[in-house]
Every structure is written in structure tokens, then in C-alpha cells.
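> Pasting the sequence and the predicted model now:
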Number of protein chains: 2
Amino acid sequence: MATHNRGPSSETLASRLRALAHPARLKILAALAASDTCHCGEIVQNLPLAQSTVSEHLRILRAAGLVRGETAGARSCYCLDRAAVRKLAADFDRLLAAIGRHESAGGKARRA
Amino acid sequence: MATHNRGPSSETLASRLRALAHPARLKILAALAASDTCHCGEIVQNLPLAQSTVSEHLRILRAAGLVRGETAGARSCYCLDRAAVRKLAADFDRLLAAIGRHESAGGKARRA
DNA sequence: TGGCTTGATCGGCAATCGACGATAGCCGAT
DNA sequence: ATCGGCTATCGTCGATTGCCGATCAAGCCA
């Protein structure tokens, strides 16, 4: 049994999905996943975006909790929060499983 | 090499996620999943939004392919495309699994 | 037929987003 | 101390989004 409630609210889940729903941010996540070297300049070089834009995307990902940035002065080190990514995947999967199931399972009418 | 692509491009996946990344649209999807009666007025009654706003959200969901609307004149019938939902869930899960895994095992797709 | 109900579309408005350049702060190297 | 590289933040601009009321098109029923 799930010891907690079913899932986050629509607002919470939607805001986390919003953080993902941008091609540049998906690419940034993929870059962070590929190499743990994680500083910003490397990402800027691999994307056709200005440095300030990439920094802004990193801020959004950090605010969503998907990325942790240790700003060690000049060279900040960004690390993917893999646990948070997995948790988001689980929440999302739970929602879509409930939606995608052929029958709306049981009478647990979920009022939103 | 042919496009042995594992998943859709960042743009494609991001645009589909964008369709989901709104609390009202998540609620609409849940309402469609709960009851297959699927006409618009019922959804409007369960949301604090104007009818035109709900219609707009339905249009976005339809454009994303998650909902099919058979506009049979006056009373249109909206149905959840459960196969599309499952496909999106699979694509998303594949992406997040690749990101959330501790080691990026394959690692050959380094786009510059 | 006329009127009613239902939903899609239009036009407008405010808010937010996404991008950029410019600037400021921090650190190591010279 | 000064220089130069790196990054975060600020301000701004155009584009998009979200919401609404109003209006229009299409069926249904008396």
C-alpha cells in the first residue's frame, strides 16, 4: 500500500512538467546525464544559445528540483538530481497509467 | 545509419509535454478518463473556467493527439486517445530512464 | 418554422516566456 | 593589484499563452 497520498496536485505536477517541456531544457538534462562534469560553459558550447539563456534554463531546472547546482564561486558545478528525476517519472507514470488504463479502475472517484 | 532513433526529437517530445503541462488540461484529461460521456459542457461544469477557455484547452489537447474529438455538429464528443497517452508515457519514460540511470550505458549519441 | 441549446471561433487584454545584451561578482593566474 | 575567464542576474523586447465575453454555426424540439 502506498503510505502516502496518490500523487501531487495538478498544479504541482503541471509545474514540474513545464520545467521539462522545452527542447533546450531536455537537451540540457541529456547533457548533464551524459557527463558529470557539469559546468555551464560546456553546455553553452553545445547549444545554439547565449550564455545567459542557458543560465536561465538551468535556473528553471534548479527551481524544479531536477538539478542541483553548487555554485563554487567562478565555476559552478551542476549535477542532475537523479532521484528527483526518477520521482517525477514515477508520478507522471502513475498519472498516465490511471488515464491510459482501459477501464477507470474502481470506484475511487478522484475529485480534483 | 538509418535513424535508429530511440525516441522522438526534443522538439516533438517537448511540444507534447507542453500540452500536458497545465493544471486545467491535466484535470480535463482526468475527467475524460473517468467518464466516457465526453462532452464539453460536462467538463465546463466541473472546472472554474469559462466555456471558451475549456474549448481552447480541448483544442490544444486535440492538436497534441491526446484527445480525439468527433465534432458531430452541435454536440461534440471528446474521447481520450488512450493509445496516444500510453505512447507518450512510454516515450517519456524512456527518456527519463536514460537520464535517471546511474550510468549512461550506451553513450554513443553525443550530439554537438 | 422559430427558438433553444451546445460548442467553436474571434478579438482583446494581461501575464508570462524565451531570448538577448549588458553588467556585476567571483576566482585563479600573471 | 590587475587581468581575464566564468557565471548569475538585470532590463528589455517580441512572441506566446491563458482567460474572458461576444458572436456565430449547427443540431434538436415544440
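That came in fine, so what should we check first? Residues are numbered from 1 along each chain as shown, chains lettered A, B, ... in the order given.
> ok, the nearest residue to residue A:10 once chain neighbours are set aside - how many residues close by?
The shortest distance from residue A:10 to any non-neighbouring residue, by Cβ to Cβ, 6 or more residues apart in numbering or on different chains, is to residue B:23 (3.8 Å). Yep, even glycine has a C-beta here, placed from its N, CA and C like the rest. Neighbour count of residue B:23, defined by other Cβ atoms under 10 Å in any protein chain shown: 17.
> and residue A:97, what pLDDT?
Looking at residue A:97, its pLDDT reads 81.
> Which residues are in contact with it?
residue B:89 (Cβ atoms under 8 Å, 6 or more residues apart in numbering or on different chains).
> now swap in residue A:60 and tell me
Here residue A:60 is in contact with A:19, A:25 (Cβ under 8 Å, 6+ apart).
> one more time with 6 Å
residue A:19 (Cβ atoms under 6 Å, 6 or more residues apart in numbering or on different chains).
> next one: the one 4 residues further on
Residue A:64 is in contact with A:16, A:19, counting by Cβ under 6 Å, 6+ apart.
> let's see 10 Å
A:15-20, A:25, A:81, A:84, A:88 (Cβ atoms under 10 Å, 6 or more residues apart in numbering or on different chains).
> Report the distance from the helix or strand harbouring residue A:86 to the chain centre.
Secondary-structure assignment from DSSP states H and E places residue A:86 in helix A:82-100. How far helix A:82-100 lies from its chain's middle: 11 Å, per Cα atoms, centre = their mean, to the nearest Å.
> What of stretch A:61-79?
13 Å.
> cool, stretch A:87-102 as well?
That offset, for stretch A:87-102, works out to 15 Å (Cα atoms, centre = their mean).
> on that earlier part again, could you tell me which of the contacts of residue A:64 belong to helices?
Cross-referencing the contacts of residue A:64 against helices under DSSP state H gives A:15-20, A:25, A:84, A:88.
> can you tell me which two in those are farthest apart?
Greatest spatial distance among the ones in helices among the contacts of residue A:64 (Cβ to Cβ): A:18 and A:84, at 15.1 Å.
> what about stretch A:53-67, average pLDDT?
The pLDDT scores in stretch A:53-67 average 95.
> Send me it as PDB with only the CA atoms.
Written as PDB, here are the backbone C-alpha positions of stretch A:53-67 (Å, rounded to 0.1, in the frame of the first residue of the first chain):
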ATOM      1  CA  THR A  53      19.800  31.900 -21.800                       C
ATOM      2  CA  VAL A  54      21.400  28.700 -20.700                       C
ATOM      3  CA  SER A  55      21.900  30.000 -17.300                       C
ATOM      4  CA  GLU A  56      18.200  30.900 -17.100                       C
ATOM      5  CA  HIS A  57      17.200  27.400 -18.200                       C
ATOM      6  CA  LEU A  58      19.500  26.000 -15.600                       C
ATOM      7  CA  ARG A  59      17.800  28.200 -13.000                       C
ATOM      8  CA  ILE A  60      14.400  26.800 -14.000                       C
ATOM      9  CA  LEU A  61      15.600  23.300 -13.800                       C
ATOM     10  CA  ARG A  62      17.100  24.000 -10.400                       C
ATOM     11  CA  ALA A  63      13.900  25.600  -9.200                       C
ATOM     12  CA  ALA A  64      12.000  22.500 -10.300                       C
ATOM     13  CA  GLY A  65      14.400  20.400  -8.200                       C
ATOM     14  CA  LEU A  66      15.700  18.400 -11.100                       C
ATOM     15  CA  VAL A  67      19.100  19.800 -11.000                       C
END
